[in-house]
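S.K.: Sequence plus the predicted model coming up.
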Amino acid sequence: MTQSVQLDADHLRSWVGREESVDADISVELAGKFAATFNLTGDFRPGDVAPAMIHFCLGQQPAPTALLGTDGHPARGGFLPPVPLPRRMWAGGSLVFHKPLRIGDPVTRRSRIADVTVKQGRAGILCFVAVEHRIVVAGEEMITERQDIVYRGNAGVSKDASSVPAPAGEHRRGFDPLPTALFRYSALTFNGHRIHYDRAYAMNEEGYPGLVVHGPLQATLLYMLAAELRGVPPLRFSFRSQSPLFDGTPFGLHARDTDGVFALWTAAENGPVAMAAEARWT
């Protein structure tokens, strides 16, 4: 696929307003596997508050393996528009937490295509798809989420990514993105995208120097850091990917408190900001 691809923006925008609803359960087993992936401890029982951000593991449609594309994603079309660009990434999102999810909750994720936008970047044509999710339990909305997906045609690291080294935060934690951690997170979220666990594919087909660290994995780590530093989980959280991180290179989780609003970011040593986030408690 080359940058000469022409997108029919009007056709893609006809997906705006399309909806789907998926049911899922937060089991004791899922909570335990999620906690283990993030090196958390805890003996979960039905009715306990579930780990924050576990909703990213819910509602993934189980497309048959035979119907997956070369990259490991489900075939284009269906709920998401059939954007004819080969690279698909989670660009960012925003979350409002109304009530905590609990182990054993029967969850419904109600999703709607909110917007489709085609833009021209320095690296070529881009298509952004905004998806609104409502995480509901027994008719009550627990989490409101907006997910931004970007499709692009070029392989490897985007030319739009900054090369300016990230600053150090007032608070810092480290994380080593071992291949086993990336594989586990892909399994938890039923994410078949091969850039996260298939090194040969990531390097030879998509032009990356290694396995790519998931955006929502980074977002979860930053959310956990904000909750740790403040002592209570944020009520509002937003994040945006700016450049990729790869396995084999430990990275930092940074935070700065400005009048009760936390700015957070991930970055490898001497590298640019990979993901920028903001946490609020009001």
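M.R.: Great, that's in hand.
S.K.: tell me the contacts of residue 278?
M.R.: By Cβ atoms under 8 Å, 6 or more residues apart in numbering, residue 278 lies in contact with 236-239, 261-264. Heads up, the C-betas are built off the backbone N, CA and C, glycines and all.
S.K.: for residue 45, that is, sorry about that
M.R.: Per Cβ under 8 Å, 6+ apart, neighbours of residue 45: 28, 103.
S.K.: where do the helices sit along the chain?
M.R.: 9-13, 28-37, 179-188, 199-204, 215-230 (DSSP state H).
S.K.: And the third one, what's buried?
M.R.: Of the residues in helix 179-188, those with enough neighbours to count as buried (16 or more other Cβ atoms under 10 Å) are 181-186, 188.
S.K.: Relative to residue 92, which of those residues is nearest.
M.R.: Distance to residue 92 across those (Cβ to Cβ) is lowest for residue 185, with 17.5 Å.
S.K.: on that earlier part again, among the contacts of residue 278, name the buried ones.
M.R.: Of the contacts of residue 278, these count as buried by 16+ other Cβ under 10 Å: 237-239, 262-264.
S.K.: between those, which is nearest residue 207?
M.R.: residue 239 (24.4 Å).
S.K.: Now the closest one: closest residue in space, sequence neighbours ignored.
M.R.: residue 277 (3.9 Å; Cβ to Cβ, 6 or more residues apart in numbering).
S.K.: Tell me what the one you found is bridged to.
M.R.: residue 239, residue 264 (DSSP bridges).
S.K.: can you pull the pLDDT of it?
M.R.: For residue 277, the pLDDT comes out at 98.
S.K.: Pull the contacting residues for it.
M.R.: Contacts of residue 277 by Cβ under 8 Å, 6+ apart are 219, 222-223, 226, 237-240, 263-265.
S.K.: any idea how far residue 217 is from it?
M.R.: 13 Å (Cβ to Cβ, to the nearest Å).
S.K.: go on, residue 138?
M.R.: Taking Cβ to Cβ, one finds residue 138 at 29 Å from residue 217.
S.K.: out of those two, which sits in the busier spot?
M.R.: More crowded of residue 138 and residue 217, by other Cβ atoms under 10 Å: residue 217, with 27 against 9.
S.K.: these two touch, right, that one and residue 185?
M.R.: Yes - using Cβ atoms under 8 Å, residue 217 is in contact with residue 185, at 4.9 Å.
S.K.: what's the neighbour count on residue 176?
M.R.: 10.
S.K.: and what of residue 190?
M.R.: Neighbour count for residue 190, taken as other Cβ under 10 Å: 13.
S.K.: Identify the residues contacting residue 113.
M.R.: Counting by Cβ under 8 Å, 6+ apart, residue 113 has contacts 15-19, 79-81, 129-131.
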